[in-house]
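Enquirer: structure, please.
(one chain, ligands or ions: 1)
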Amino acid sequence: MRVLILGGDGYLGWPTAMHFSAKGHEVAVVDNYLRRNLARETDSGALYSTPNLHERAEIWKEHSGENISVHIGDLCDWDFINSLFAEFKPDTIIHYAEQPSAPYSMLSTAAARLTLSNNIGVTGNVVLAMKEHCPDAHLIKLGTMGEYGTPNIDIEEGWLEVEHKGRSQKFLYPRQAGSLYHTTKVMDTDLLWFYVRTWGLRVTDLMQGPVYGIFTDENGHDDRLLPCFAYDEIFGTVINRFVVQAVAGYPLTVYGKGGQTRGYLNLKDTLQCLLLAAENPADSGEMKIYNQLTETFSVNEIADHVQRVGKQHGLDVEIKSIENPRKELEEHYYNPAHTGLLDLGLKPNYLTDEALGEIIQKVIQYKDSIVQGRIFRGVKW
Ligand code: USQ
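Expert: Numbers count the residues shown, from 1 in each chain. As a prediction, the model looks like this:
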C-alpha cells in the first residue's frame, strides 16, 4: 500500500510510520510540528528530545534499509495538501494530524480557536483532497473513546439501533464529549459520515482510548527512534504520567475520587489496530467504526498498579487525591463494546506488571531530565 500518515511526528504517528514501513508498505509522513511548537510555547517538554522527521527517516533507513518520505507543511493550507495528494496519490491515509490534548483545548480562547480551526480544518481538507485525487483511497481517522463520554448505558461500537414508535433505524451512537478537543473529534465523525453518505468515500473511524508505553517492535534498538514521551499535564496521558511521577518521587495526581474509568491500550496494540484497519478497508460508502481499547481501568486502579510495580523496582510511590481540575464524572457506569478489532485478529498486550516495569525501567534511565514543575499546573474547566 501507499500509506500517507498525517501527523507523522506525533507519539503515535512516528511509530505507525516505522511499523507500516517494516511491513513493506511505501510510507510518507506529513507534519507541521504543531505539537512540538505548542509544547515549547507551554513549557511542556517531553522526557527526552526526539530528532526531527528528516533525521528520524535517515536513522530508520540506516536500520531497515527502507525509505520513509517526509513532507513538512500545514494541512490546513489547501495548496499544500492539494499538491501533496496529487503527487503521492495514497491508497491509505492515516489521519492523526490534530491538536491532541483535552487540557490544551481548554487553556484559553486562543487555544480553543486553534483546536477548532486546526482539527476541523484538516479533516475537511483531507476529505476534499481525497475527492479530488484519490476517491477510492481508504481513510483511517483517529477518533477517541471520549466522543461517547460516560453514558449510563453500554457503549456500542459506533452505532446504535434505535426503535421509536414501532419503527427502527441505525444511527451513530450518541456522542457527548467532555472537552473541546474531544468535541472536535465528534465533529470530525459527523463530517466524515456526511461525505461517506454523499460521495461514497471509504472511511474507518477508530475510537481510541488513552495509549501508554514506549516500545514497539521497531524501536527497541535505538533511542533516537523512540516516540516523543510527554509527561506534563497538558500533553501527557495518565499512565505515562503516573510512571514518570513514580520515578520522580512526585505523588501520583489522582483527580478527585479517581473512579473515572476509561479504555486503555498499549502503544504496540495501536500499531496492530492500525494495520488491521488498513488491511480490512471499508467499502465505498461505508464508515467502519471500531472501539480501540483492550482493557478498562479506573484512575485509582492505575495508581495502585503503578505504586505496586514501582515498589518492585525500588520506588517509594505515594498516591495523592487532588481537586479535579476537569468537569467529568468521578464515579460512573462504563461498559464499552470492543470486539471488532479482536475479531479482525488483534492480540492484546495487556498492562501486566512486566509491561509496566519495562516502561518504569526506561523512564528511570531519563530520571534526571524530569522537570517537576511540568507535572501539574491545574488547567481547569
Ligand atoms: N487523570 C488523573 N490524573 C492525571 C491525569 C489524568 O486523574 O494526572 C484522569 C483524567 O481526569 C481522566 C483520565 O485520567 O479522567 C484520563 O485522562 P488523560 O489525560 O490520560 O486522557 P484524556 O485527556 O482523556 O485524553 C487522552 C489523549 C487523547 C485521547 C484520549 C482518549 O490525550 O488524545 O483522545 O486520551 S479518551 O480518554 O478515551 O477520550
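Enquirer: show me what from the stretch 1-150 of the chain comes close to the ligand.
Expert: By the rule CB under 6 Å from any ligand atom, the part of the stretch 1-150 of the chain lying against the ligand is 100, 101, 102, 144, 145, 146. From N, CA and C alone the C-beta is placed, and that goes for glycine too.
Enquirer: the first one: how many residues sit nearby?
Expert: In terms of burial, residue 100 registers 24 neighbours under the definition other CB atoms under 10 Å.
Enquirer: and what of the third one?
Expert: Using other CB under 10 Å, the number of residues around residue 102 comes to 23.
Enquirer: what residues does the spatially closest residue to it that is not a sequence neighbour make contact with?
Expert: The spatially closest residue to residue 102, leaving aside those adjacent along the chain, is residue 179, at 3.7 Å (CB to CB, 6 or more residues apart in numbering). Each residue near residue 179 by CB atoms under 8 Å, 6 or more residues apart in numbering is listed here: 102, 103, 105, 106, 146, 326, 381.
Enquirer: rerun that using 6 Å as the cut-off
Expert: Neighbouring residues of residue 179 by CB atoms under 6 Å, 6 or more residues apart in numbering: 102, 105, 106.
Enquirer: and residue 103, how many neighbours does it have?
Expert: Neighbours of residue 103 (other CB under 10 Å): 23.
Enquirer: helices or strands up against the one helix or strand residue 184 maps to?
Expert: Using DSSP states H and E, residue 184 sits in helix 180-199. If contacts are counted by 3 or more CB pairs under 6 Å, 6 or more residues apart in numbering; DSSP states H and E, helix 180-199 sits against helix 102-105, helix 109-133, strand 138-144, strand 202-208.
Enquirer: TSV for these, including mean pLDDT?
Expert: As requested, the helices and strands packed on helix 180-199 are exported to TSV (pLDDT from 0 to 100):
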stretch	mean pLDDT
helix 102-105	98
helix 109-133	98
strand 138-144	98
strand 202-208	98
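Enquirer: of these, which is nearest residue 316?
Expert: Nearest of the helices and strands packed on helix 180-199 to residue 316, taken as CB to CB: helix 102-105 at 28.0 Å.
Enquirer: ok, and what's touching that closest one?
Expert: 111, 115, 179, 180, 181, 234, 379.
Enquirer: buried residues in stretch 134-143?
Expert: Of the residues in stretch 134-143, 134, 137, 138, 139, 140, 141, 142, 143 count as buried by neighbour count, 16 or more other CB atoms under 10 Å.
Enquirer: sorry, wrong one. I was asking about stretch 154-174.
Expert: Neighbour-count burial for stretch 154-174, counted by 16+ other CB under 10 Å, picks out 155, 156, 157, 158, 172, 173.
Enquirer: how about the residues of the stretch 251-381 of the chain that lie near the ligand?
Expert: Applying CB under 6 Å from any ligand atom, we find that the stretch 251-381 of the chain lies next to the ligand at 253, 254, 255, 260, 262, 299, 326, 328.
Enquirer: hang on, the last one in a helix?
Expert: By that I understand residue 328. No. Residue 328 sits outside any helix when classified using DSSP: H, G, I helix; E, B strand; the rest coil, being coil.
Enquirer: surely it touches residue 177?
Expert: No. Under the criterion of CB atoms under 6 Å, residue 328 is not in contact with residue 177, lying 10.5 Å apart.
Enquirer: for residue 68, phi and psi?
Expert: Main-chain dihedrals, residue 68, degrees, to the nearest 10: phi -120, psi 120.
Enquirer: and the gap between it and residue 61?
Expert: Plainly put, residue 68 is 8 Å away from residue 61 if you go by CB to CB, to the nearest Å.
Enquirer: neighbour count for the two, which is higher?
Expert: Neighbours per residue (other CB under 10 Å) separate residue 68 from residue 61, with residue 68 holding more: 24 against 13.
Enquirer: so that one touches residue 18, yeah?
Expert: No. Residue 68 is not in contact with residue 18 according to CB under 6 Å; the separation is 7.5 Å.
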